[in-house]
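Asker: Sequence plus predicted model, see below.
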Amino acid sequence: FPKALYDIAQEMTKRYPKTPWFVSETGMGVHDEGRFRNKDGVIEDLYRIDFYKEHLFWLHKAIEEGASCFGFHTWAALDCWSWNNAYKNRYGFIEVDLNDQTRTIKKSGRWYRQVSLENGFEIEEDPFV
């Protein structure tokens, strides 16, 4: 529920005005991400990019309205997995091959790098409202 970031930010601003805070963890796990691998061997995880775009959109809206959020931490840089889903979902911006430990940056990893370098991204006016 991406808009929850906006709602939480509003509540933080109301209850604790001017108190700096950050989002400590957000991300998504996807089962069998290999099915999204392109011919160059890169996972094209557009679903993860959309996930982060929507969450960052709502957080940015809250900051524009006065929220004191100063950071946004993702889960996770490298693929990790959870016993909670039988170790089947992958969460990272960087794929880790469990057989040989090879690491390959996913499409979302390259996108998030650009977001970090540019301190933002272009988006249509209120597409998630």
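Answerer: On my side now, so go ahead. All values reported here derive from a predicted model rather than from experimental measurement.

Asker: Could you pull out the buried residues of stretch 47-57?
Answerer: The neighbour-count check on stretch 47-57 (16 or more other CB atoms under 10 Å) flags Arg48, Ile49, Phe51, Tyr52, Lys53, Glu54, His55, Leu56, Phe57 as buried. Every C-beta, even on glycine, is put in place using the N, C-alpha and C of the backbone.

Asker: CSV please, covering the residues you listed and showing distance to Ala77.
Answerer: CSV is the format used below for the buried residues of stretch 47-57 (distance: CB to CB, whole Å):
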residue, distance to Ala77
Arg48, 13
Ile49, 15
Phe51, 16
Tyr52, 13
Lys53, 18
Glu54, 20
His55, 17
Leu56, 17
Phe57, 22
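
Asker: Name the pair among those with the greatest separation in space.
Answerer: Taking every pair in those and measuring CB to CB, the maximum separation is 14.8 Å, between Arg48 and Phe57.

Asker: hang on, the earlier thing: which ones among the buried residues of stretch 47-57 map onto helices?
Answerer: Counting by DSSP state H, the buried residues of stretch 47-57 place Arg48, Ile49, Phe51, Tyr52, Lys53, Glu54, His55, Leu56, Phe57 in helices.

Asker: Reformat those residues as a markdown table; add distance to Trp111 and pLDDT.
Answerer: A markdown table is the format used below for those (distance: CB to CB, whole Å; pLDDT from 0 to 100):
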| residue | distance to Trp111 | pLDDT |
| --- | --- | --- |
| Arg48 | 9 | 97 |
| Ile49 | 5 | 96 |
| Phe51 | 11 | 96 |
| Tyr52 | 8 | 96 |
| Lys53 | 9 | 95 |
| Glu54 | 13 | 94 |
| His55 | 13 | 96 |
| Leu56 | 11 | 95 |
| Phe57 | 14 | 94 |
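
Asker: Much appreciated, bye for now.
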